[in-house]
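S.K.: This is a predicted model, with the sequence first.
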Amino acid sequence: EEDQQFRSIFQQIAGDEMEITANELKNVLNSIVSKHKDLNSEGFSLDSCRSMISLMDMDGTGRLNLQEFRHLWNKIKQWQGIFQHYNSDQAGSINSYEMRNAVNDAGFRLNNQLYDIITMRYANEGMNIDFDSFISCLVRLEAMFRAFQAFDQDGDGTIRLSVLEVSC
Ligand SMILES: O=C(O)/C(S)=C/c1c[nH]c2cc(Br)ccc12
């Protein structure tokens, strides 16, 4: 039953071509976020949505089919739960200290320097991280770690990259 519901939601977003473009993803994510008064967001950018698609796009179409969209949806739902855990005061954003714990809860183990870098990259003037920035950060972390693992064949935690292999 729940799957039918999900399939029909996907159908509404994707339309006849049964694939979701970055623009369609941006519109649906922003319509959901705008309904969540407990989530601060300036809205997902098209660039962030392109990153989400490239993270999930297994068949290289540049669009999301049903199972790719379901995988992304479940990720965002999981990450949203983590964000809400730290957004206890319902302020809609989390501070840099909470960001460190939230990134940890999402399964990423970073060093202090990296935590500082991602805080500077994603925090707003008040040094707080909005929901869309939080999701965008985790999408990029997931993509980076997945790319690293793809190169680290022997699993020794080090890789060699030629200039051509350094993807943007
Ligand atoms: O508040 C909730 O219980 C859920 S399940 C929220 C969400 C579940 N998926 C989401 C995606 C975006 Br974008 C924003 C909020 C959610």
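M.R.: Nice, thanks for sending it over.
S.K.: only C-alpha atoms for contact and neighbour calcs from this point on.
M.R.: OK.
S.K.: Enumerate the residues of the protein near the ligand.
M.R.: By Cα under 6 Å from any ligand atom, the residues of the chain that approach the ligand are 29, 32-33, 76-77, 80.
S.K.: which among these end up buried?
M.R.: 29, 33, 76, 80 (16 or more other Cα atoms under 10 Å).
S.K.: mind checking pLDDT for the first one?
M.R.: At L29, the predicted lDDT confidence score is 97.
S.K.: hey, where'd the strands end up in this structure?
M.R.: Assigned by DSSP state E, the chain shows strands spanning 93-95, 128-130.
S.K.: Turn the ones you listed into JSON lines, including mean pLDDT, mean neighbour count and distance to D105.
M.R.: Formatted as JSON lines, these follow (pLDDT from 0 to 100; neighbours: other Cα atoms under 10 Å; distance: least, Cα to Cα, whole Å):
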{"stretch": "strand 93-95", "mean pLDDT": "96", "mean neighbour count": "24", "distance to D105": "14"}
{"stretch": "strand 128-130", "mean pLDDT": "96", "mean neighbour count": "24", "distance to D105": "16"}
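S.K.: For the nearest residue to M120 once chain neighbours are set aside, what are phi and psi?
M.R.: Nearest non-adjacent residue to M120, counting by Cα to Cα, 6 or more residues apart in numbering: M127, 7.8 Å away. Reported as degrees, to the nearest 10, the phi and psi values for M127 are phi 60, psi 30.
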